[in-house]
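1. generate a structure from the sequence data that follows.
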Amino acid sequence: MPSMIDATTRQQIRRMQADPIVRVQPRNGRVQVQPGLFFNRVSAPGERVHAVAEPSFCVIAQGSKDILLGPHRFRYDPAHYLITTMALPMMAEVVESSSEKPYLGSDWCWIRPSSPR
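-> Presented below is the predicted three-dimensional model:
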């Protein structure tokens, strides 16, 4: 099905997503901007990292990342987001990034309610 949004509008939406990340995170790294909301910036493709993904909604404003779950590879980028509903052991790798166009992403991690005492 063809997209209902033209290329200029898509570019404007991506800039609106990227600008807050660039403002808050001018250097490589990860910063928590509010409880459970993280901005990420990476200026070069990296090595695979082993991690446990917490339940979250992840959006990439620029660049791309591969997620490996067992034998399955998933790529997410500005046109594809990632949702995890439970903790998942995985490997992750930023695959599209440069100093001119760094990987810019945001993760909204659902905060687990505290357990009753």
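
2. dump the residue contacts of the residue nearest the centre of the chain.
-> By CA atoms, centre = their mean, the chain has its centre lying nearest to G105, at 3.7 Å. When contacts are counted by CB atoms under 8 Å, 6 or more residues apart in numbering, G105 touches 21, 39-40, 58-61, 63, 65. The way it works is simple: take the backbone N, C-alpha and C, and place the C-beta from them, glycine included.

3. ok, 7 Å please
-> 40, 58-61 (CB atoms under 7 Å, 6 or more residues apart in numbering).

4. what about stretch 38-49, start to end distance?
-> 18 Å (CA to CA, to the nearest Å).

5. any idea how far that stretch is from the middle of the chain?
-> Distance of stretch 38-49 from the chain centroid (CA atoms, centre = their mean, to the nearest Å) equals 9 Å.

6. what mean pLDDT does that stretch have?
-> Stretch 38-49 comes out with an average pLDDT of 95.

7. mind listing what's buried along it?
-> Neighbour-count burial for stretch 38-49 flags 38-43 (criterion: 16 or more other CB atoms under 10 Å).

8. please enumerate residues in contact with stretch 81-93?
-> By CB under 7 Å, 6+ apart, the surrounding residues in contact with stretch 81-93 are 46-59, 65-69, 76.

9. direction included, what does the host helix or strand of the residue nearest to the centre of the chain pair against?
-> Assigned by DSSP states H and E, G105 falls within strand 103-109. Sheet pairing of strand 103-109 (DSSP bridges) gives strand 37-42 (antiparallel), strand 56-62 (antiparallel).

10. save those as JSON lines, and put in distance to P89 too.
-> Putting the strands paired with strand 103-109 into JSON lines (distance: least, CB to CB, whole Å) gives the following:
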{"stretch": "strand 37-42", "distance to P89": "19"}
{"stretch": "strand 56-62", "distance to P89": "14"}
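
11. the helix-or-strand element of the chain with minimal mean pLDDT: what's the following helix or strand?
-> Among the helices and strands of the chain, helix 7-24 carries the lowest confidence by mean pLDDT, DSSP states H and E, at a mean of 86. As assigned by DSSP H and E, the chain's next helix or strand after helix 7-24 is strand 29-34.

12. no more questions from me, cheers.
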